[in-house]
Structure formats: structure tokens, C-alpha cells
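Undergrad: build the 3D model from these lines:
(2 chains)
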There are 2 protein chains.
Amino acid sequence: MPVGTLASVKGIPQDTLEELGAQIILGNTYHLYLRPGVETVRRMGGLHGFMSWPRAILTDSGGFQVFSLNELRKVSEEGVTFRSHLDGSSHFFSPESAMEAQIGFGADIIMAFDECTEFPADRERVRASMEMTARWAARSKKYFEDHKDGVPWGGSSQLSAVSHQPVSSRASADGQQIPRFARNDKGEGDATQSLFGIVQGGMDRELRRESALRTIEIGFPGYAIGGLSVGEPRELTREIVESTLEHLPADKPRYLMGVGTPEEIVEYANLGVDMMDCVLPTRAARHGLLFTSEGKVSIKQARYAQDPGPLDPNCACRVCQRYARAYLRHLYASNEVLAQVLNTIHNLSFYLDTMRRVRHSIRLGEECGFLSIVWSRPKP
Amino acid sequence: MPVGTLASVKGIPQDTLEELGAQIILGNTYHLYLRPGVETVRRMGGLHGFMSWPRAILTDSGGFQVFSLNELRKVSEEGVTFRSHLDGSSHFFSPESAMEAQIGFGADIIMAFDECTEFPADRERVRASMEMTARWAARSKKYFEDHKDGVPWGGSSQLSAVSHQPVSSRASADGQQIPRFARNDKGEGDATQSLFGIVQGGMDRELRRESALRTIEIGFPGYAIGGLSVGEPRELTREIVESTLEHLPADKPRYLMGVGTPEEIVEYANLGVDMMDCVLPTRAARHGLLFTSEGKVSIKQARYAQDPGPLDPNCACRVCQRYARAYLRHLYASNEVLAQVLNTIHNLSFYLDTMRRVRHSIRLGEECGFLSIVWSRPKP
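TA: This next block holds a predicted model:
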């Protein structure tokens, strides 16, 4: 899932995302809650209407950003008090308010409010944090079940009579609709969002197991593995992912949050992960780091200044089909905005191509090892 | 002509420019000479190959930027010594070196090296500057005639055997080629660039007349009016344009440099101007100022925060067809790069639509007065 923090995958128009084949994108509840705010998005028919994106959207719970962007947060059983990174104003997120926000945003998949346990942490701290996340998951589910009719779209919505008809109802240039995960696209009947639970438990396999079982006991249509990629060594990430997956039902989506490199997403898909999100393709693009079939390319290097070849000779994206490395290098070296736009298009194309190959391999019943010759995996 | 200073119309991929119907874009010799440099562009087959733009390109002479960006310049009969705004390094532009650079860049239309006279200036200063521009025009033409075979494309090019085959030779997604002004598109025979002369003479009608006659006497396939939009009142601009046009042959392109608003480009087309360039549509877009059929819109205003309507209900561009004002306002308020991209697409679309209507009106034999009800013209 490409990350579109503020209802925009940075620099990329929505029709380009459609052409790239993005089926689902992610929005960040913390950022959207601060700007433009829940009420604005709700009035525009939710994120789909607001940003004119007819395909699927997932919003995170806000928990991760509250923890990673706020050094002055105060956590209690009730929730988290935090200060806006924009203006220092004070705000409060609880399982209930995080659900209220995500129902207003109207994403197809929304996430239970969790505490992302810091790394490293001692076992007692990890246990206490994991147990609070489990209690918050139950509260998230209760609030969601009681209020899910408030979603700003769908036949049973209390807001379906709202008169605002955004321009985006004319949207989607390509006409090719991707089925949205949990929505009745006719807007009839019991169209609603899907609330996923999040497994925590730090780097402790036993606590991860316990977290998985408690979350499954509450019951969700999909399960996420949170609290990883927080600074731990990659082999440890893999070990925790592998052991946690054993406890999650294979017939429901399993979502690994916040990973990873192209090599990692293939690796985790091999282990049984169904969904991943990461800022890496978009953020690396902004720093001139490009993923190609021949390995990583740092386009800022002088060696590309007069290179007439394509960025990736094996890539069919519109950037590789049209522009020379010399031009991409010039745009980056000259701080031209088009550098970010073109680099992001290529990196997203490479990631989405990678996932298309993963799905193809799964359909063929193979292991997805086709990328292993490209990136040499660090030895443990 | 949209302005693509550094071989990029800021934030806009070339295929989008093609879809918008841009037939010709402008590059700035001063900027391109500093970055990426003449040799890099020449080796990539000129600007067309370097930036993968198969339609027409015009480069300015570098004169205007040398004068507007360099307070420490030293002007002599020979040329101008100036310091780079990037690193302070010292450089020298003469009619000969400006031609050498522009032949290397390989634009379809290139401009004689001129001195853009400052405003205000006394009559003796304006006369001396105009006379030097006339001498520089003759030197520009002589150098061009002696070296035009050095253009990095075309059948008679000394460089046509260069082995670099940039990826951009596969370019142009839409396949719809716009005839380039002065180029034999088969790359055969006497394909070459067209060098235009520039009329100076400040705000003095008699000196403008003299400059026009001297430039015509040297002989060029097109003539530009330079040295306007340098701080003078708009009514004075119009007066000088109108009087200068009288002295320029109507059967050759007449190019007014550096204007203007949508209202102005209609007005000047009415007077007989054939070509204009301006950073206004792209620069204003970056500052959230949008041109619409209903007047100017400053999208940053809070009044648009929950506005579900399109930016311009009469515009067929991909931005107006898809996004709500509320979303565009959010992108701008949140400093999202997509704000610049979408705003620029709309403004360019509006400008190019305006020029399409101007051409249509000309074909119909009408005055191009259709925009006069939209913008109220300031009274003198």
C-alpha cells in the first residue's frame, strides 16, 4: 500500500496512481485529524470523496504517530494526551475517539487504537503495554459496532442524505474500478468499514502469541502485526513475524505494518503476509534513491550526468520508457520538483510490479524467490 | 509558451504537457548553461533528446537573466562578465558564446544576444543600449550562420554520427507530433535552427522604431520585442508594443517576451503578437493563485475549505474534472507537493485554452474580445 499521509501520495495525481495499478492506499489518522480535520473529510463524503479516490483506502489508528512524533505524550488507561507537531495544541486520542475519527474518514479498512511499544523495553513493560492494547482493541471494537452507521457513505449511513455532491463523484478517469475491500459498491444494504485488530508484544515470542490469541478472541475480520520496524535488527523482525503469523488465521488478511524494502516485502509475502505498507518507495524517491531490477540507484551521483540509458531497462513505467538517467540526475541535482514526481512514479511502479509478481507466483504455487538473485540478503 | 527554465516545466511530466496541448516550451539559456551545462545537453542530442520533448523549444539568449539575476555584472562592447547565482563563479557571455550555447542546446528557435535596458533610463542610455543590442544582433547572426551546422540533430549536423542514443528516442506517449517550427523532421537536408532578432529601445517610440528597422535590416526569420514588463505601467507597455508592431513585418512571427496575464495575452494577440512566454501561470500556481473562467481564485483562502465544487466549472482539465476546491485548498494549506502539480496543470490548461480560443477567433476573423467580460481592465 503506497502511503498517502495527508490524503495525497506525495506529488502523484490520483489518475497516475490508478495507471500504476495501486489498488489500495493508506492515510494517516493522526495527520488527517490535525489537517484538514475529521469534519471536513466527513462532509466531503469521507476520504474517497475528499481526495477523489474510488479504490480502497486504509487508515491507521493514529497510535503509531502519536508515539513517534510526540515526546511529550501522556499515556493512561483512558488514552493518550499529545501535542500537535504543527502548533503545539493539546489533543486526546482514545480508542473511542480514534474510531470516531476513522469512521468520519470513511476508509474501507480502519485499525484498532493500539500502543506501539518502544524498543528496547523490558518484559514487564512490554507485557503491560500489550495488555493495554488488548483492552483498547475491545473498546475500539465496541465503539465501532455502536457507531459504524455513521460512515459518510453507504446505504445505511445516517449521513447519506447530506446534500454535498463533491466534484469527485465524476471521478476515476480510467473507469476501471477495483473492488473495495469491505464496501458494497452499490451503496446499499449493510455497506460498512472493516475494523482490523493489531497484535503487539514487542520482541517476545510468547507475548506476541498471547497478544494474537487475545486479539483473535475479541474477533476482527483482519489482523495486523504492529510494533515492528522500530529499530530492532532485521533478523529479529523476521523471527517475530514468522512466529506471530503461526497464531493468526490464514483465512483472514494478515497485515504487517510499516515494511519494507522490495526484498523484504517478497520475503514477508513468502511467510504468509497479505498486506504491507511503507513510506520507503515514496520517501526514498524524494532522496533520489531508486529501486531497479539491477539494484539500487542513487540518481544524484555524477556518474549518471551524461548517461543516456533508461533508469531501469527492464521497467515498463512511463519514467523508464521516456527519460534518460542524465535527465533524472539533472532534475535531482537542480532541485526540480519533477525529480520527486518522476522518481516516485518509478519507485511505486517497481513496488507494485513486485507485488504483482508475488501474486502471480502465489497463483502458480511457487515460492516467491525470484528477487533473491537481485538483492543479496544479509546473513544472520 | 510555458516556461521550462531548467528543461522542466516545474512539476509537470512531459506527457502531461503533451496532453495539455503545449506546442512549444521555453528554456532559459543562462540557467541551462550553468546546469547541466552545454556539453551535457549537446551529447544527449540537444534539449529535445535531453528532456524527451519532441515538440518545439525556444531558448532565450541569456541576456535577460544575466541582467536581472546579477548585480555585479560588467558590460562592455565585447559582452557581459557575470557571476553565477549558484556558486559565485565568474562567466562571460558574448553574442558569440550565447550563440554557441544555444546551438549546443539545439532549440528550434534561438534568440540573438541582447542587452535588456533597465527601467527607468534616460534617453542617451536607452539609445546607447539599443545601438549595442543592434551590433550584438549582427554578431549573433554572423556566428550563427558560421556555426549552425553544429546543432546536435538534423541531417547536416556534424554531430549526427554521435553514438549516444538516448532513451528519449522512444519518447512521446501520444504519438501525436506537432510540427516543429524550423526543423526538417526527417532529419535530412538543411534542417537547422531559426535565430530571431530582438527589438529594444526602452519606452521611447522613436528608439523602438529605429531598433526595429536596424534589426530588420540585419534580417531574421522572426522578431521579438524585448525590454518590456520591466516595471513600467501596463498602459505604457501596451503603447510601446502597439507602436513597435507597426514596424515589424506581419508575415514573420512577432514575439512579445515575458507577458502576461490571460487578459494581456488576448490583448496582445489582438494587436498582432504571435508568440508570448510568461512564468505567470506556473509561478502563480505555486503560490496558490489560479486563473479561472470566473476570475482569479486564491485557493489558500479558508472559504474553500469545505467547498465541494470544481475549481472552474467551465474547465475540462483533469484537475477540474476530478478534484474539489476543498481538496486543492487542503493540499495547498498542508504544503503538499501535489498542490503545485495540480495547480500548475490547471493554470497551464487555462492559458493554453485561452490561446486556442484566440487562434479560433483569428480563424473566424473576429476580434478576440471574449475575455473582456471576465477581467475588468484597469483604467489608465
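
Undergrad: surely residue A:12 and residue A:342 touch.
TA: No - look at residue A:12 against residue A:342 with Cβ atoms under 8 Å: they stay out of range, at 10.2 Å. All C-beta atoms are positioned from the backbone trio N, CA, C, and that covers glycine.

Undergrad: between these two, which one's more packed in?
TA: Each of residue A:12 and residue A:342 has its neighbours counted (other Cβ atoms under 10 Å in any protein chain shown); residue A:342 has more, 29 against 24.

Undergrad: how far does stretch A:340-353 sit from the chain's center?
TA: Centre-to-centre, stretch A:340-353 and its host chain are 16 Å apart (Cα atoms, centre = their mean, to the nearest Å).

Undergrad: now that stretch: mean pLDDT?
TA: Averaging pLDDT along stretch A:340-353 gives 98.

Undergrad: for stretch A:117-128, same thing?
TA: 96.

Undergrad: what's the straight distance from one end of that stretch to the other?
TA: With Cα to Cα, to the nearest Å as the measure, stretch A:117-128 spans 10 Å from end to end.

Undergrad: where does residue A:290 land on pLDDT?
TA: Reading off the model, residue A:290 has pLDDT 98.

Undergrad: burial count for it?
TA: There are 27 residues near residue A:290, going by other Cβ under 10 Å.

Undergrad: check contacts around it.
TA: A:284, A:296-299, A:311-312, A:343, A:346-347, A:350 (Cβ atoms under 8 Å, 6 or more residues apart in numbering or on different chains).

Undergrad: now it, what's its secondary structure?
TA: strand (DSSP: H, G, I helix; E, B strand; the rest coil).

Undergrad: name the nearest residue to it, ignoring sequence neighbours.
TA: residue A:297 (4.5 Å; Cβ to Cβ, 6 or more residues apart in numbering or on different chains).

Undergrad: can you report how many residues neighbour the one you found?
TA: 20.

Undergrad: low pLDDT regions in the stretch 1-150 of chain A?
TA: Within the stretch 1-150 of chain A, no range satisfies pLDDT under 70.

Undergrad: what about the residue in it that chain B sits nearest to, distance to residue A:22?
TA: Nearest residue of the stretch 1-150 of chain A to chain B, counting by Cβ to the nearest Cβ: residue A:11, 4.1 Å away. Here the criterion is Cβ to Cβ, to the nearest Å. By it, residue A:11 lies 14 Å from residue A:22.

Undergrad: pull the residues that contact stretch A:63-75.
TA: A:28-31, A:80-83, A:85, A:93, A:98, A:111, A:113-116, A:118, A:198, A:226, A:257-258.

Undergrad: low-confidence stretches in the stretch 151-300 of chain A?
TA: A:154-190.

Undergrad: for stretch A:356-370, give the mean pLDDT please.
TA: For stretch A:356-370, the per-residue pLDDT averages 80.

Undergrad: stretch A:301-321 now?
TA: Mean predicted confidence for stretch A:301-321 is 98.

Undergrad: do me a favour and get the end-to-end distance for that stretch?
TA: So stretch A:301-321: terminal residues 21 Å apart, Cα to Cα.

Undergrad: likewise for stretch A:208-228?
TA: Using Cα to Cα, first and last residues of stretch A:208-228 are 11 Å apart.

Undergrad: which of the residues in it are buried?
TA: A:208-212, A:214-216, A:218, A:220, A:222-228 (16 or more other Cβ atoms under 10 Å in any protein chain shown).

Undergrad: can you report phi and psi for residue A:93?
TA: phi -110, psi 130 (degrees, to the nearest 10).

Undergrad: again with residue A:37
TA: The phi/psi pair for residue A:37 (degrees, to the nearest 10) is phi 100, psi 150.

Undergrad: which residues touch residue A:345?
TA: A:12, A:16, A:20, A:317-319, B:13.

Undergrad: for the helix or strand harbouring residue A:268, which positions count as buried?
TA: Element membership for residue A:268 (DSSP states H and E) is helix A:262-271. Using 16+ other Cβ under 10 Å as the test for burial, helix A:262-271 gives A:262-270.

Undergrad: next helix or strand past it?
TA: strand A:275-276.

Undergrad: and for the following helix or strand past that next one, what's in contact with it?
TA: Where DSSP H and E defines the elements, the next helix or strand beyond strand A:275-276 is helix A:280-286. Identification of contacts with helix A:280-286 by Cβ under 8 Å, 6+ apart yields A:2-3, A:9-10, A:260-261, A:290-291, A:340, A:343-344, A:346-348, A:350-351.

Undergrad: hmm, 7 Å instead?
TA: Helix A:280-286 is contacted by residues A:2-3, A:9-10, A:260-261, A:291, A:340, A:343-344, A:347-348, A:351 when judged by Cβ atoms under 7 Å, 6 or more residues apart in numbering or on different chains.

Undergrad: what's around residue A:206, how many residues?
TA: 11.

Undergrad: quick one: secondary structure of it?
TA: helix.
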